[in-house]
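>>> With the sequence up front, the predicted model follows.
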Amino acid sequence: MKKDLRKFNPEKIAELDLNMWQAYYSHNFFKLFLLLLRLNHEFFGLDYFHTLQAAYYSASAAINFRRNKEKENSEIIIEKLTKSFKIISDNNIEKFDYGKAAELEFGWWMIHRYPKAYQTSLKEGLAQAMAKTYNTDSLKLKEYADYRAQAMILRDKAKITGKETDWDEIAYLLRKSFNSLHLNVQ
C-alpha cells in the first residue's frame with residue numbers, strides 16, 4: 001500500500017531528527033541506523049521491509065559522509081541516497097525524481113560542511129532538496145529550511161566555541177521546521 005508523504009506527525013519527526021543528530025555527532029552509528037528505521041517508517045510510511053532497505057542505504061551514506069571529511073566519495077554516497085529515495089518514491093502515492101532528490105540531499109550536506117565553497121546557501125539547499133521530494137516549489141519551504149538551518153548553525157557554533165550544544169533550542173527549532181514543512185506541503 002502506497003503512502004501519502006504529506007501525512008506525517010511533525011512533532012514526532014522533529015524528535016526523531018533531533019535524536020538522529022545526536023547519534024550522528026556522537027558517532028553512535030548503530031543508534032543512528034535504528035533511528036533511521038523509525039524515521040523511514042514514521043515519516044515516509046514505509047512497510048518494515050522497505051523501511052529496513054531505505055534505512056540501510058541512508059545510514060550507509062551518512063556514515064560514509066561522516067567518516068570521510070575532505071575525502072567524500074560523492075559517487076558512492078549519491079548512489080546509496082538514490083537507492084533510499086527510490087524506495088521512498090516507489091512507495092509514495094505521488095512519485096518524485098528520486099535521483100535528483102538524492103543529488104540535492106547530498107548537495108546540502110556538502111553546503112553544510114563547506115559553506116564557503118558554494119554559492120547556494122544552506123537554507124536554499126535544504127528547501128530545494130525537500131521540495132524535490134514533495135514535488136513543490138522550494139519557495140514554499142523557505143521557513144522550514146530557515147529553522148532547520150538555524151538549528152544546524154547553532155550546533156556548529158557550539159562545536160566551534162567548545163560550548164555545550166543547546167539541544168533544547170535545537171529541538172525547538174526542529175519542531176518549528178517540521179511543523180512549517182507539514183503546513184506547507186498540504
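Received the coordinates, thanks. If you're wondering where the values come from, they're calculated on a predicted model, not measured in any experiment. Numbers count the residues shown, from 1 in each chain.

>>> just for the protein, where's the confidence low?
Along the chain, the model assigns pLDDT under 70 to no residue.

>>> try 90
Residue ranges of the chain with pLDDT under 90: 1-3, 25, 27, 29, 32, 40, 45, 66-72, 159-160.

>>> Could you check which helix or strand contains the residue positioned nearest the centre of it?
For the chain, the residue nearest the mean C-alpha position is Glu105 (7.2 Å; C-alpha atoms, centre = their mean). Element membership for Glu105, per DSSP states H and E: helix 98-113.

>>> List the buried residues for that helix?
Neighbour counts using 16 or more other C-beta atoms under 10 Å place 98, 101-113 of helix 98-113 among the buried residues. (C-beta placed from N, C-alpha, C; glycine too.)

>>> Output these as a markdown table; include the columns distance to Tyr48.
Shown next, in a markdown table, are these (distance: C-beta to C-beta, whole Å):
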| residue | distance to Tyr48 |
| --- | --- |
| Tyr98 | 20 |
| Ala101 | 23 |
| Ala102 | 23 |
| Glu103 | 28 |
| Leu104 | 27 |
| Glu105 | 23 |
| Phe106 | 26 |
| Gly107 | 30 |
| Trp108 | 28 |
| Trp109 | 27 |
| Met110 | 32 |
| Ile111 | 33 |
| His112 | 31 |
| Arg113 | 32 |
